[in-house]
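Enquirer: below is the structure, and that's it, no one-letter string:
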């Protein structure tokens, strides 16, 4: 069976986790009360850029506003805005962990009457997706086309390689923790067995002494 070049490229993109395909923003439904949060597990020293846009699907024009705040794994506030319809946050991660972006409807909607929910588009970009390749091409005098695509591919390969190394390190760490846990469980089991035998011998000795004292044996 002959596979067309376009299908072959598409299969490669899917096998690579879709890294060669343009990522699309996620759409969140923000209730009139409460908040919605999205989170992402991110490594340290990674550039993160997020674009958000609040729209009203029923009315055309200036829609509802939202409050948004982004926090690090240790709870540090990285970005906070209130009464916004759109914006962008950017930061470089200082530690590996789960980063949260929480959105809620702004309470004082003086310009707008909130009826139900609001719709927010959130595009969370990391690593290579945050680069302005047009600016890179101009700065390094790279012609648009094959050379620029090769440079992008090189960056993607480096990013994938870094992720693989990180996963290997995490695997080694988890394996070490698992081995330590198994050893501790085995030690606890032997201690429990030894304690049970000791208590049993003590009970036998105590009963024998009791029976001898009562002259039952």
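Expert: Thanks, I have the structure now. All figures in this text were calculated on a predicted structure; none of them were measured in a lab. Residues are numbered from 1 along each chain as shown.
Enquirer: how about the strands in this structure?
Expert: Assigned by DSSP state E, the strands in the chain fall at 26-30, 35-42, 47-55, 66-71, 77-84, 86-92, 97-105, 118-126.
Enquirer: does residue 105 touch residue 28 like I think?
Expert: No: Residue 105 lies out of contact with residue 28 (CB atoms under 8 Å); the separation is 11.5 Å. Where C-beta positions appear, they are placed from N, C-alpha and C, glycine not excepted.
Enquirer: picking up where we left off before, deepest-packed of the strands of the chain, please.
Expert: With neighbours defined as mean count of other CB atoms under 10 Å, those peak in mean count at strand 66-71, which reaches a mean of 21.
Enquirer: pairing partners for that strand, with directions?
Expert: In the sheet, strand 66-71 lines up against strand 77-84 (antiparallel), strand 97-105 (antiparallel) (DSSP bridges).
Enquirer: which other residues reach it?
Expert: 30, 50, 52, 54, 77-85, 87, 89, 91, 99-106, 118, 120 (CB atoms under 8 Å, 6 or more residues apart in numbering).
Enquirer: thinking again about what came up before, would you format the strands paired with strand 66-71 as JSON lines with distance to residue 180 and mean pLDDT included?
Expert: As requested, these are exported to JSON lines (distance: least, CB to CB, whole Å; pLDDT from 0 to 100):
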{"stretch": "strand 77-84", "distance to residue 180": "34", "mean pLDDT": "91"}
{"stretch": "strand 97-105", "distance to residue 180": "22", "mean pLDDT": "91"}
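Enquirer: which residue packs closest to the residue positioned nearest the centre of the chain, ignoring adjacent ones?
Expert: Nearest residue to the geometric centre of the chain (CA atoms, centre = their mean): residue 41, 2.0 Å. Sequence neighbours aside, residue 98 is the residue nearest to residue 41 in space, at 5.4 Å (criterion: CB to CB, 6 or more residues apart in numbering).
Enquirer: would you confirm that the one you found contacts residue 73?
Expert: Yes: at 5.5 Å, residue 98 counts as touching residue 73 under the criterion of CB under 8 Å.
Enquirer: tell me the contacts of residue 194?
Expert: Contacts of residue 194 (CB under 8 Å, 6+ apart): none.
Enquirer: what's the pLDDT at it?
Expert: Note for residue 194: predicted pLDDT of 93.
Enquirer: tell me how many other residues surround residue 184.
Expert: 10 (other CB atoms under 10 Å).
Enquirer: just residue 160 next, same as before
Expert: 14.
Enquirer: hang on, the earlier thing: quick one, what contacts the residue nearest to residue 41?
Expert: 39, 40, 41, 42, 73.
Enquirer: now do residue 86
Expert: 51, 52, 53, 54.
Enquirer: quick one: which of those residues is nearest residue 131?
Expert: residue 51 (14.8 Å; CB to CB).
Enquirer: confirm for me that the closest one is in contact with residue 123.
Expert: Yes: when contacts are counted by CB under 8 Å, residue 51 is listed as touching residue 123 (4.6 Å).
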